[in-house]
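Colleague: return a 3D structure for these sequence lines:
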Amino acid sequence: NLSREVEALAADLERTRIARDIHDSLGHTLTTLDIQLEVAETLREEDPEHSRLALTRAKRLSRQSLQEVRRAVSTMRDGNFNLSSALTTLVSQIEQTHANRVHSLKIETKIRLPFLPLQISQQLFLIVKEGLTNIQKHSQASVVKLWAQSTSEGIALGLSDNGIGFASGASHAGFGLRNMRERVQLLNGKMTIHSAIGKGTLIQITLPLNTPQ
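Modeller: Numbers count the residues shown, from 1 in each chain. Down below sits the predicted model:
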């Protein structure tokens, strides 16, 4: 009957959401891990020092992947997820990854969020993670600013960098921002992007008080 079809559809959508969240959380990390292991194997004999550094990065990435899996499993099992703590850990992991590189990355944070429903917390975490991943891939930035706070109208979140930017008319899809926009839309929010070549990028996100739970 109709009620069974609705329940089946809801269950399928939930499985799809969980699968996408895990893919988004681990996909980039595991890809980078694979690259580091390939570098270590290639340089093992001709450049042992660089091979050792690649293995060190790979070890750090493997720990990060394990933490992501534990977070996902814990969240699905008992709904235990602290957004502010998760964002702090994410920022720390990214800064550690860049610590030994020629171009370091400093992330300044100002997070003042109240308790939020689980689904909203998860989506916000993945939105920020996607944004920080995009910055690492494309921006060549050295400083990133992340802020999130509650307002009288809902939730305001911002992400800015001092990177190379891109032309305002450029397609955002090429910068991996499509997933972020889709997640914001799932929460009935709005996302605006301001960028110019040589002037960095600013992403602003607003979510209404009546976000879906």
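
Colleague: all helices of the protein, in order?
Modeller: Here the chain has its helices, by DSSP state H, at 2-42, 48-78, 83-98, 118-134, 178-186.

Colleague: quick one, the third one and helix 118-134 angle?
Modeller: Put plainly, it is helix 83-98. Here helix 83-98 runs at an angle of 20 degrees relative to helix 118-134 (axes from the mean of the first three to the mean of the last three C-alpha atoms, to 10 degrees).

Colleague: contacting residues around the closest residue to residue 40 other than its chain neighbours?
Modeller: Leaving aside its sequence neighbours, residue 40 sits nearest to residue 54 (C-beta to C-beta, 6 or more residues apart in numbering; 3.9 Å). Yep, even glycine has a C-beta here, placed from its N, CA and C like the rest. By C-beta atoms under 8 Å, 6 or more residues apart in numbering, the contact set of residue 54 is 36-37, 39-40, 43.

Colleague: let's see that with 10 Å instead.
Modeller: Applying C-beta atoms under 10 Å, 6 or more residues apart in numbering, we find residue 54 in contact with 35-44, 47.

Colleague: and of those, the nearest to residue 166?
Modeller: residue 35 (24.2 Å; C-beta to C-beta).

Colleague: in this protein, where is pLDDT below threshold?
Modeller: Along the chain, segments meeting pLDDT under 70 span 1-25, 27-28, 71-80, 100, 168-176, 210-213.

Colleague: any idea how far the residue nearest to residue 40 is from residue 63?
Modeller: 15 Å (C-beta to C-beta, to the nearest Å).

Colleague: and what of residue 127?
Modeller: Note on residue 127: its distance to residue 63, by C-beta to C-beta, is 24 Å.

Colleague: higher neighbour count, the two?
Modeller: Between residue 127 and residue 63, residue 127 has the larger neighbour count (other C-beta atoms under 10 Å), namely 27 against 11.

Colleague: my read: that one touches residue 181, true?
Modeller: Yes - applying C-beta atoms under 10 Å as the test, residue 127 and residue 181 come out as touching, 9.3 Å apart.

Colleague: any residues in contact with both of the two?
Modeller: With C-beta under 10 Å, 6+ apart as the test, residue 127 and residue 181 both reach 189, 191, 203, 205.

Colleague: among those residues, which pair sits farthest apart?
Modeller: Counting by C-beta to C-beta, the most remote pair of the shared contacts of residue 127 and residue 181 is 189 and 203, 12.0 Å apart.
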